[in-house]
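Engineer: okay, here's the prediction I keep looking at, along with the sequence it came from:
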Amino acid sequence: MRETFAMLLHGLLGLMRTRPEVGDDVLADLVRQTLRLAPTPSSDPGLDPPLEGE
């Protein structure tokens with residue numbers, strides 16, 4: 001797991017340095033995808049809220 005965080009941070013820093021115009025929403029989506037987190041309703045309004053217990 002430590003390696004995943006290290007590569008994630010390294011990649012995000014490299015992306016931010018080479019393409020500073022990339023928005024925070026894109027960076028947040030990359031983190032969510034890399035860590036396999038569920039998207040938040042604010043980032044994808046077409047999703048239903050998760051059911052209780054999920």
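Structural biologist: Looks like it arrived, so ask away. Numbering: from 1, shown residues only.

Engineer: going by C-alpha atoms from here, please, whenever you check contacts or count neighbours.
Structural biologist: OK.

Engineer: residues of the lowest-mean-pLDDT helix or strand in the chain that come out buried?
Structural biologist: Within the chain, confidence by mean pLDDT, DSSP states H and E is lowest for helix 24-34 among all helices and strands, at a mean of 90. Neighbour-count burial for helix 24-34, counted by 16 or more other CA atoms under 10 Å, picks out D29, V31.

Engineer: quick one: list the elements packing against it.
Structural biologist: helix 2-18 (3 or more CA pairs under 8 Å, 6 or more residues apart in numbering; DSSP states H and E).

Engineer: so who does the residue nearest the centre of the chain touch?
Structural biologist: Nearest to the geometric centre of the chain sits V31, at 2.5 Å (CA atoms, centre = their mean). V31 makes contacts with L8, as judged by CA atoms under 8 Å, 6 or more residues apart in numbering.

Engineer: how about the one 4 residues further on?
Structural biologist: Going by CA under 8 Å, 6+ apart, L35 touches no other residue.

Engineer: 10 Å - rerun?
Structural biologist: M1, T4, F5, L8, D29 (CA atoms under 10 Å, 6 or more residues apart in numbering).

Engineer: mind checking how far it is from D29?
Structural biologist: 10 Å (CA to CA, to the nearest Å).

Engineer: same question, L9
Structural biologist: Relative to D29, and taking CA to CA, L9 is found at 14 Å.

Engineer: remind me which residues of this structure are low pLDDT?
Structural biologist: 40-54 (pLDDT under 70).

Engineer: circling back: looking at the contacts of L35, which is nearest P39?
Structural biologist: Minimum distance to P39 across the contacts of L35 is 7.8 Å, recorded for D29 (CA to CA).

Engineer: returning to what we had before: most widely separated two among the contacts of L35?
Structural biologist: M1 and D29 (18.9 Å).

Engineer: go ahead and name everything in contact with stretch 10-21.
Structural biologist: So stretch 10-21 is contacted by 4-9, 22-24, 27-28, 30-31 (CA under 10 Å, 6+ apart).
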